[in-house]
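no FASTA, just this:
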């Protein structure tokens, strides 16, 4: 059974999406903690916490990811970071 054969939903166990294809594009000097991303076959994007790879996955549409990244670039989430 492939991922596309299953119902993909927000909050599902990230491990149900398989271990292949997860990336950590925002890693840095943070002790290996990052938000991992995975492009899904239908164009959606899954996010998971690298320290809990079997934990819940957040599933976003391409439009939601585009809006999120645009907001980050504009500094709309700067208040969420320490310092």
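On my side now, so go ahead. Keep in mind the model is a prediction, meaning the values are calculated, not measured. Residues are numbered from 1 along each chain as shown.

now the helices for this protein?
62-73 (DSSP state H).

what's the local residue count around residue 40?
Using other CB atoms under 10 Å, the number of residues around residue 40 comes to 16. C-betas here are computed from N, CA, C, even on glycine.

could you find the closest non-adjacent residue to it?
Closest residue in space to residue 40, ignoring its immediate chain neighbours: residue 46 at 5.9 Å, by CB to CB, 6 or more residues apart in numbering.

identify the bridge partners of the one you found.
residue 38, residue 59 (DSSP bridges).

just to check, residue 47 is in contact with residue 58?
Yes: counting by CB atoms under 8 Å, residue 47 does reach residue 58; the two are 4.6 Å apart.

check contacts around the nearest residue to residue 21 once chain neighbours are set aside.
Of all residues beyond its chain neighbours, the one nearest residue 21 is residue 38 (4.9 Å), with distances taken as CB to CB, 6+ apart. Contact analysis of residue 38 by CB atoms under 8 Å, 6 or more residues apart in numbering lists 17, 21, 22, 23, 45, 46, 47, 48, 57.

what two of those residues are the furthest from one another?
Across the contacts of residue 38, the longest distance by CB to CB is 13.7 Å; it joins 23 and 57.

so which of those two has more stuff around it?
Taking neighbours as other CB under 10 Å, residue 23 and residue 57 compare with residue 57 leading, 25 against 11.

for the more buried one, give me phi and psi.
Residue 57 adopts backbone torsions of phi -100, psi 140, taken as degrees, to the nearest 10.

mind checking how far it is from residue 81?
For residue 57, the distance to residue 81 equals 23 Å [CB to CB, to the nearest Å].

ok, residue 50 next?
From residue 50 over to residue 81 the distance is 18 Å, taken as CB to CB.

please apply the same query to residue 61.
Distance, residue 61 to residue 81, by CB to CB: 25 Å.

do the same with residue 46
Distance of residue 46 to residue 81, computed by CB to CB: 23 Å.

count the neighbours of the closest residue to residue 54 other than its chain neighbours for me.
Nearest residue to residue 54, sequence neighbours excluded (CB to CB, 6+ apart): residue 15, at 4.1 Å. Number of residues near residue 15 (other CB under 10 Å) recorded here: 13.

right, I'll leave it there.
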